[in-house]
Structures are given as C-alpha cells and as structure tokens.
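Trainee: Predicted coordinates and the sequence they were generated for:
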Amino acid sequence: EVLKHATKRFGRVLMMPNLKPPITTTQMALDYRQHIIDSLPKDSPKDFKPLMTLYLTDKTTPQEIRKAYATGKIVACKYYPAGATTNSDFGVSDVKNTYPALQAMQEIGMRLCIHSEVTNADIFEREPLFIEEVMKPLAIKFPKLNIIMEHISTREAVEYVMNGPPNLRASITCHHLLFNRNHLLVGGIRPHLYCLPILKAEVHRQALLKAATSGSPKFFLGTDSAPHPTGAKESACGCAGVYTAHAAVELYAEAFDSVGALDKLDSFCSEYGAEHYGFERNTRMITLEKTPWTVPSSYDFGDEHGTVTPLRAGKEVLWKIVE
C-alpha cells in the first residue's frame, strides 16, 4: 500500500536512510533501491524513480561520498543529530566530525538534507537553537553546499531560510501546514499526529503556510511520510512519524486552498524541489477536484507489521485525485 500510494502521486521519491540498520554505505543504498523497485506494484507508472540517500555519520568518508554520488542513483546525504528522531541513534554527534564529508559533497554538488533540531533543549525550542548553533556556522563554512532544512516547523526557520544564503532551501510537510500542537494534545493525546519536529503553536503553522504559499522557490514539498505499524504508534512509548503518502498532494491542496493560493500549489509540489536537486520537471500530470472522501481507518502494511494508520483516518479529506 505504501508504494502504491506514493507512485500514484509522485514521479520521484527521496528515500530516507534511517532504517534498521541505517543506510550508511553505497552498496546498502543500492540494495535498498533494488528492493524498492522489486516491490513496486505491477501497475506502477513506468517513470517512477526512487532517489536514494546516505545516512551521514561521524565516520562517513569523502571516499564514500564520491563513490555514492558517482552511481547517479544516490543524490543526497541525510544529517540526523544523534537521537533527534526515529532511528537516529547512529547520527551525527558533532557537526565538525562531518566536515571532510561535507567538503566532498560541496565539491561534487551532492545535496545535504538536515533534520534541523538539537537534542539538548526543550522539544518546542530545538529548531531555533539548531539554527543558531549549527546551521548558521555550517552555511558560512560551506557557502556552495546545497542544503535543505527538512520539514521545518517554526517561524524562526521560515525567517532564516527566507533571508538566508542562496544555497539554502527548506521542505515543509502537509501536516505542519494543517495542524498545530493543540490538535496533538488537547482533549487527549493523538499518537498519529506525533512527529519530529513536533507540531508547534498556531503562530508557527501560520508562518509555514505563508511561506509555502508565497511563491518563493526557497520552500517546497517534502512529505516526511513515515509508515510505522499501528501498534508502534499506539503504545506506552509511541514512535514519531505521520503517514501521509495516501493523500499527501490532496492535503497540500487543502492547505493551499484554505488561504486562496491554489495557483501556487503546482510550483511548490512540482517545480521548486526539482530545480534545487537539478532535475527536469516531471511530465506526468495528476488532476485534483474538490470532492470530499473518507480516509480508511487503516491500510495493510505487510504480514509482519499488520497495518499502518494514516493521517485523517476515518475522517474526510476535502480534495481527491481524479482517476
């Protein structure tokens, strides 16, 4: 179901490397790519491309970076501060440990995707602190490194990216555009809205929505869709991640429509990200119409995992794809 949902909506998907074990080498990334291709539904669009990433660690070498990028199939590295999110225990303990790898990435044009949070602060303040402690020095140290602050969640991040250096971009999820921390916490804890970066106050959601619908190429789609088994979410210590692949484009349409900015949706979804990664725009089209539909309570997630519970399970999404 996960691949079926993704291939219906996207011509390319950036595959995150925070698996167990993490995808830290070129061969692991290529093996994972082949597994994805072998698992595609038979009716998947022929132009679908999984774009692979390496999991950046303190020990990632420039040689591994160059080897990975030379394949033409591994387009980026993902920087996880150690312990910052799901399956990030092998991540970076100190950004300076990655400088040799980042220098190689800057030289060859490989993109750096960053989970932009520190791990030693209040959970609602981690992103602004990361900007001050890591992002600003990093952008100065590597002025030609193409950087994407992934799934930003605060007004401070919006302001930093908007006014930041030209090599800096940010992705924004549909759930950060549609929900705030009250949706997560008021009236009971809703585990299927728990993600990292965590949902923030309404002022931050409004800032994200304004940025996404501004028409600035510095902001583009990044779903951060995370399919975790329902039992792993609905537990005494549930994991972070929101599953949105089943309706991601439709949910972005809902967010853009809420502020009368549907004319900005296509570029946000299809143009600005491709441009930053150096890709041609996809030629395959999808058509959306404003017709509500009810999201199933769950989707199959394989024999081993059971089910995955999607965002808006049992509730309506206001837009749908015309088949």
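Mentor: It's in. Residues are numbered from 1 along each chain as shown.
Trainee: Quick one: low-confidence residue ranges for the stretch 151-300 of the chain.
Mentor: Within the stretch 151-300 of the chain, not a single segment meets pLDDT under 70.
Trainee: Quick one: low-confidence residue ranges for the stretch 1-150 of the chain.
Mentor: Across the stretch 1-150 of the chain, residues meeting the criterion (pLDDT under 70) sit at 86-88.
Trainee: where along it do the helices fall?
Mentor: Taking DSSP state H, counting those that start in this stretch as the criterion, the stretch 1-150 of the chain carries its helices at 2-9, 26-39, 62-70, 99-108, 126-130, 136-141.
Trainee: Out of those, the one nearest Thr154 is which?
Mentor: helix 126-130 (4.8 Å; C-beta to C-beta). In short, each C-beta sits where N, CA and C put it, glycine included.
Trainee: what's the nearest residue to Val75 if we skip its chain neighbours?
Mentor: Ranked by C-beta to C-beta, 6 or more residues apart in numbering and with sequence neighbours excluded, the top spatial neighbour of Val75 is Leu51, at 5.0 Å.
Trainee: Quick check: that neighbour touching Leu14?
Mentor: Yes. In this structure Leu51 lies within contact range of Leu14 using C-beta atoms under 8 Å: 4.9 Å.
Trainee: Find the residues that touch each one of these two.
Mentor: In terms of C-beta atoms under 8 Å, 6 or more residues apart in numbering, Leu51 and Leu14 are both contacted by the residues 75-76.
Trainee: which of the two has more neighbours?
Mentor: Leu14 (22 against 16; other C-beta atoms under 10 Å).
Trainee: got the contact list for the more buried one?
Mentor: For Leu14, the contact set (C-beta under 8 Å, 6+ apart) comprises 51, 53, 75-76, 113, 222.
Trainee: and what of Pro62?
Mentor: If you count contacts by C-beta under 8 Å, 6+ apart, Pro62 has them with 100-101, 103-104.
Trainee: one more time with 10 Å
Mentor: 99-105, 107-108 (C-beta atoms under 10 Å, 6 or more residues apart in numbering).
Trainee: and what of Asn97?
Mentor: Contact analysis of Asn97 by C-beta under 10 Å, 6+ apart lists 56-60.
Trainee: swap in Lys200?
Mentor: Lys200 neighbours (C-beta under 10 Å, 6+ apart): 123-125, 127, 153-155, 157, 176, 179-181, 184, 207-208.
Trainee: for Thr154, same thing?
Mentor: For Thr154, the contact set (C-beta under 10 Å, 6+ apart) comprises 116, 124-128, 130-131, 160, 176, 197, 200-201, 203-205, 207-208.
Trainee: Please pick the buried ones from these.
Mentor: 116, 124, 126-128, 130-131, 160, 176, 197, 200, 204-205, 207-208 (16 or more other C-beta atoms under 10 Å).
Trainee: which among the contacts of Pro62 gets closest to Gly164?
Mentor: Closest approach to Gly164 among those (C-beta to C-beta): Leu102, at 17.0 Å.
Trainee: So that closest one sits against Leu138, correct?
Mentor: Yes. Counting by C-beta atoms under 10 Å, Leu102 touches Leu138, with 7.8 Å between them.
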